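1. coords please:
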Amino acid sequence: MRTEKNPSKAMPKAMPTKSGDTDAISLLMADHENVKDMFEQFESMTDRAVVSKKKLADEICSELTKHTQVEEEIFYPAVRAAGKEFEDLIDEAVVEHGSAKQLIADIEAMDPGDDLYDAKVKVLSEMIEHHVQEEEGELFPKVRKAKLDLVELGQQMAERKDQISG
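-> Numbers count the residues shown, from 1 in each chain. The predicted structure follows:
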């Protein structure tokens, strides 16, 4: 599905452990990079690429929907349970997800020729970029220091994503 524009900038793989498992944070970061690449690809498309734009925007929306669902069902509750120091960061992330979900619904109901279509995709991209910076810069480093089994969480998250996809 994804085409690599720059082979030296390959998508980061989720970090496997000794047993070949993936930790939760690495899984989420791989999702972040994948969606960032898709947004960049969308922005480089011309207005004449209507069918391709719609297909890519729908794929972005689908990936973000799966990602947020897995975070909200598995990752955030586990992190919230790890300590009160995570409450504000998780609360803010959930609110950001709510705003993103509204834009996703708008984009999915639209076509590339509609007024504000590209603007909505651009705003979604900017919202996700902000959200990713907060997660990767603030939340994830704190979570890595917490007493959570990130490999077990990663396995649960990967299984859930497969259920959502299939």
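
2. so where's this structure uncertain?
-> Residues of the chain that meet the criterion pLDDT under 70 lie in 1-21, 166.

3. which residue ranges form the strands in it?
-> With DSSP state E as the criterion, the chain has no strands.

4. How much space separates A82 from M157?
-> Remark: distance between A82 and M157 (C-beta to C-beta, to the nearest Å) = 15 Å. Any C-beta I mention is one placed from the backbone N, CA and C, and that applies to glycine too.

5. Counting neighbours, go ahead and name the busier of these two.
-> M157 (25 against 15; other C-beta atoms under 10 Å).

6. you'd agree Q156 is up against I74?
-> Yes: under the criterion of C-beta atoms under 8 Å, Q156 makes contact with I74 at 5.2 Å.

7. what about stretch 104-118, distance to the chain center?
-> In terms of C-alpha atoms, centre = their mean, to the nearest Å, the gap separating the centre of stretch 104-118 from the centre of its chain is 20 Å.

8. just the CA coordinates of that stretch, formatted as CSV?
-> What follows is stretch 104-118, C-alpha atoms only, in CSV (Å, rounded to 0.1, in the frame of the first residue of the first chain):
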residue,chain,number,x,y,z
ILE,A,104,-12.1,12.1,10.2
ALA,A,105,-15.8,11.8,10.0
ASP,A,106,-16.0,15.0,8.0
ILE,A,107,-13.3,13.9,5.6
GLU,A,108,-14.8,10.4,5.1
ALA,A,109,-18.2,12.0,4.2
MET,A,110,-16.6,14.3,1.7
ASP,A,111,-15.0,14.1,-1.8
PRO,A,112,-11.8,15.8,-2.9
GLY,A,113,-13.7,18.3,-5.0
ASP,A,114,-15.7,19.5,-2.1
ASP,A,115,-15.0,22.9,-0.5
LEU,A,116,-12.6,22.6,2.4
TYR,A,117,-11.6,19.0,1.7
ASP,A,118,-7.9,19.7,1.4
